[in-house]
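Engineer: Following is a predicted model, sequence given first.
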Amino acid sequence: MDKNSIRNAYKLYLLENGKEPVSVYMLCKKLDMPESSFYEFYSSLEAVEQDIWLSVFEETVSQLRADETYHQYNAQEKLLSFYFLWVSKLRDDRSYFLLQKDIFHIPLVYRKKLHTFKTAFYEFAAALIKEGYVSSEIKERKYVSDQYVHGFWVQALFVLKYWLEDTSVNFELTDAAIEKAVHLSFQLIGTNTLDSILDFGKFLFMKR
Amino acid sequence: MKEQNNIPTGKVERAGKFVTTGLKVGTNYIKHYTRKLMDPSVTKEELHQDNAADIYNTLSNLKGSALKVAQMLSMDKGMLPKAYTEKFAMSQYSAPPLSGPLVVNTFVKTLGKSPTQLFDRFDLHASNAASIGQVHKAVKNGKELAVKIQYPGVANSVKSDLRIVKPFAIRIVGMKEADMDKYFEEIETKLLEETDYKLELERSMALSAACAHIPGLLFPGYYPEYSSERIITMDWLNGMHLKEFLQTNPSQEIRNKIGQALWDFYQFQVHALKQVHADPHPGNFLMQANGTVAIFDFGCVKVIPEDFYTNYFLLVDKEVLKDTDRRHQIYTNLEMIHPTDSPKEVAFFSELFQHMIDLMTLPFTLETFDFGNETYFNEIYAYMDELYNMKEVRESKVARGSSHSLYINRTYFGLYSILSDLKANIITSQHRIQRLVAGEQPE
């Protein structure tokens, strides 16, 4: 028994029953293992859910790092290739993720499922941003540039939502959406556009 | 070249692009007239150049079918001022490429492997742009390959593009919208066919094989195992595009050889295969110093229906045209004259068409023809101008001509325009065409 088979069993349960198992006991029954061994791997069902999101992310990143061309990319291309690969990994379990649409509901309590994934993504994005400073793709701005990671997280959620709702063949439109979204974000944080917006905002604020 | 990372696909976004161009062109006019006030020697040429640059920038941002429209426009030289044609001719070979990760993603999605896994070497930077995709160079087993990759979502944007272009086109041509529908339908089908790379691969292989025996032509080999609905892999071809080629000052003999090969290629397709490579813009041919010409890109193939073929080529037959009734019958079959026309209109338009046809089919009626003969082309352009300025023609809002003739005319026009640039003097006799059709080597 390992973490992977527990995650798979959880996904399967959800797909077959249309809802989460009510207890660890129910899940263990399906796995045919004593409840006590479950806790050797996870503390709760929520931890399993979180780990499903995190594992897709980690698989994506490690596959990217193993690829030679990935290292030759600049920050923007790295982010692009991350999204492309991530979406294609999610596709293997599309039915499962379609049942997770509640993460976009308000209040945001459902988004707790994404907690560990979010932390890991922030780390990944922060590293990319640093790379962007070095290659001068991204402009460093006092106070503001610390917020870029949040922006990328919102972008990741946008990509996810777009893909979940995409009805085009082979999810072609998601590819186009990714290209556009990433390009726009790098334009914003790279050139002087954002500075002008901030300057304008400051000006309006002072007038009050 | 700057990489292009987005294609505007939303209809609003695309329409927005056109609006900004409109504004820019407007400002160019204002600039022109202010400059002219201060310095009366300023010519319109400069204004046309500014306008062409702005329009070109917009169209290359739009990619896809809008670029196709640019290509179509640039084919009909004479119809547009010179500056426009120069800029638009650029759009025939270069538009900014898409990002590397998207290229890799396309491979993984449609072929299951990344380009580095499939090939020994793969250049992630596009070597040039096709109108709905871009071409990369790859190496496999020591062989150089050209890999053509299509942008995602192209088929989706074709329809919305045409809907935007349509009102412009109707304004320019001045026809009734309902009459234009059959032409737009034809263009839409053709453009959608071009986004189907599976079909293109099939046609490329079939037509290349069928035309391989014609002397002076070179076709690349195709690799279905490295091709998918978004990718076509073929041999890398060396050679120069028409404009570069002419800059090397090729001898008359070499230019004749290339011209003859192209002429034979088109006649054989039209008369023997009854389907034709309907995209003869200079970007689809690579010319070599020894006088062979490489042909690729069978994305746009027009299949010629039998009854259209019969009527269309009866127009070349001088004997048939002497009989007025028969002639009118053919015009009616080709939808150039409508049953609703008044006898006066019939007389007027058939005379116009007769003159036009006599001009256009002149090469077919002679043994040899010198396409370097500028007076011939100037006569055609002058006649077109005359037609355009005729009150009766401008005021007639009825569309004339079958929808099939759209691509056939475009094909011949493109061929003539290339032959004229080459200044080729070639054998155009019916005898040679008949020998070609019979599958014999032309002497």
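Structural biologist: Nice, thanks for sending it over.
Engineer: Could you check stretch A:175-187 against chain B for contacts?
Structural biologist: Yes. If you take CB under 8 Å from any CB of the partner chain as the test, stretch A:175-187 does meet chain B, through A:175, A:176, A:179, A:180, A:182, A:183, A:184. Heads up, the C-betas are built off the backbone N, CA and C, glycines and all.
Engineer: I figured the fifth one hits residue A:82, correct?
Structural biologist: Just to be clear, that refers to residue A:182. No. Taking contacts as CB atoms under 8 Å, residue A:182 lies outside contact range of residue A:82: 9.4 Å.
Engineer: Restricted to buried residues, select the residues of stretch A:175-187 next to chain B in ChimeraX.
Structural biologist: If you want just the buried ones from these in ChimeraX, going by 16 or more other CB atoms under 10 Å in any protein chain shown, the selection is:
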select /A:175,176,179,180,182,183
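Engineer: between the residues of stretch A:175-187 next to chain B, which is nearest residue B:344?
Structural biologist: For the residues of stretch A:175-187 next to chain B, the residue nearest residue B:344 by CB to CB is residue A:176; the value is 54.0 Å.
Engineer: what's near enough to touch the residue nearest to the spatial centre of chain A?
Structural biologist: Closest to where the C-alpha atoms of chain A average out (CA atoms, centre = their mean) is residue A:156, at 5.1 Å. Going by CB atoms under 8 Å, 6 or more residues apart in numbering or on different chains, residue A:156 touches A:83, A:121.
Engineer: Check which helix or strand it maps to.
Structural biologist: Taking DSSP states H and E as the definition, residue A:156 sits inside helix A:148-165.
Engineer: how about that helix: buried residues?
Structural biologist: Residues A:148, A:149, A:152, A:153, A:155, A:156, A:157, A:159, A:160, A:162, A:163, A:164 are the ones in helix A:148-165 that count as buried (16+ other CB under 10 Å).
Engineer: Which one of those residues is nearest to residue B:234?
Structural biologist: Nearest to residue B:234 among the buried residues of helix A:148-165: residue A:163, at 32.7 Å, using CB to CB.
Engineer: My read is that that closest one contacts residue A:90, right?
Structural biologist: Yes. Using CB under 8 Å, residue A:163 makes contact with residue A:90 at a distance of 6.9 Å.
Engineer: what residues are up against the closest residue to residue A:7 other than its chain neighbours?
Structural biologist: Leaving aside its chain neighbours, residue A:7 sits nearest to residue A:52 (5.3 Å; criterion: CB to CB, 6 or more residues apart in numbering or on different chains). By CB under 8 Å, 6+ apart, the contact list for residue A:52 reads A:7, A:10, A:11, A:96.
Engineer: Quick one, which of those residues are buried?
Structural biologist: Neighbour-count burial (16+ other CB under 10 Å) applied to the contacts of residue A:52 gives A:7, A:10, A:11.
Engineer: which residues of chain A score low on pLDDT?
Structural biologist: A:191, A:207-208 (pLDDT under 70).
Engineer: what's the neighbour count on residue A:107?
Structural biologist: For residue A:107, the tally of surrounding residues (other CB atoms under 10 Å in any protein chain shown) stands at 6.
Engineer: so what's it up against?
Structural biologist: Contacts for residue A:107 were tallied using CB under 8 Å, 6+ apart; there are none.
Engineer: Give the burial count for residue 196, as a bare number.
Structural biologist: Assuming you mean chain A. 10.
Engineer: Switch to chain B, please.
Structural biologist: Neighbours of residue B:196 (other CB under 10 Å): 15.
Engineer: go on, residue B:240?
Structural biologist: As a burial measure, residue B:240 scores 16 neighbours (other CB under 10 Å).
Engineer: same question, residue B:217
Structural biologist: Neighbour count of residue B:217, defined by other CB under 10 Å: 19.
Engineer: now do residue B:111
Structural biologist: As a burial measure, residue B:111 scores 18 neighbours (other CB under 10 Å).
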